[in-house]
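Colleague: Sequence plus the predicted model coming up.
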Amino acid sequence: MSRGNVRVRPASPSDIAELIALSEDNGVTEHIGRRGRKGDTTTLADRYSLLLSDPDRLVLVAVEEEHDKLVGFSVLLEEQVGVLAPTSTMYISHLLVAPSYRRRGAGRALLTGAVRHAEDRDIDHVVVGVQAAARDANRYLARLGFAPLVVRRIASVSALRRSLGIADSIDRVALRRRRTVRGVLPNRVIGRGA
């Protein structure tokens, strides 16, 4: 496939099966949430249906023209960076290319689509979310001129509770379990730390 054989278009509901396969090939579906399990295509199909119907997001797909095969996708969202001094940006939350189609122009075509969409909306900056451990992706984006913006770290609530020494009373733990079992999320009580 030459670089010229990839076209970019908005995704449609008929692309959902290929979007799921591409997500699975890229390991995106390893942990899809508490309610879903890896390989649960019904949950994934529902998520993609919601994503495609979201008026605030645009899903672009890269299609290899010779075989009319979806080889990549990106999810675009206009957002503000910074609360005190907001700047409008076009945020790409996913930039995925099938492993067998990397280094063939699909990523560049998706980024070109994002740039055109940003220009149409009069937005001056593009932000891409990429995993810190994704060395090839980070190098590729750096070569294109992307610079680090912030480092976001993630931790589970239970791990933070342990690290911060936050202890629940036995009554609160029992109440939370009862409510969770009944399908009702417990009320969050903010208290003092350790």
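Modeller: Right, received. Where do you want to start?
Colleague: Does Arg177 fall in a helix, a strand, or a coil region?
Modeller: Under DSSP: H, G, I helix; E, B strand; the rest coil, the three-state class of Arg177 is helix.
Colleague: That one: neighbour count?
Modeller: Other residues within reach of Arg177, judged by other CB atoms under 10 Å, total 11. Where C-beta positions appear, they are placed from N, C-alpha and C, glycine not excepted.
Colleague: domains of this protein?
Modeller: Using automatic domain parsing, the domain parsing of the chain gives 3-143, 155-194.
Colleague: deepest of the ones you listed, which one?
Modeller: The highest mean neighbour count among the domains of the chain, using mean count of other CB atoms under 10 Å, belongs to domain 3-143: a mean of 15.
Colleague: any idea of the mean pLDDT for it?
Modeller: The average pLDDT within domain 3-143 is 85.
Colleague: Using JSON lines, lay out the domains of the chain together with distance to Leu149.
Modeller: Shown next, in JSON lines, are those (distance: least, CB to CB, whole Å):
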{"stretch": "domain 3-143", "distance to Leu149": "6"}
{"stretch": "domain 155-194", "distance to Leu149": "20"}
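Colleague: Any figure for the gap between Thr42 and Ser49?
Modeller: The gap separating Thr42 from Ser49 is 11 Å, by CB to CB, to the nearest Å.
Colleague: contacting residues for Val71?
Modeller: Residues in contact with Val71 (CB atoms under 8 Å, 6 or more residues apart in numbering) are 6, 22, 62-64, 97-98, 101, 106.
Colleague: show me where the protein has strands.
Modeller: Using DSSP state E, the strands found in the chain span residues 6-10, 57-64, 69-81, 87-97, 125-128.
Colleague: just to revisit the earlier point, nearest to His117 among the contacts of Val71?
Modeller: Relative to His117, the closest of these is Ala62; by CB to CB it sits at 14.0 Å.
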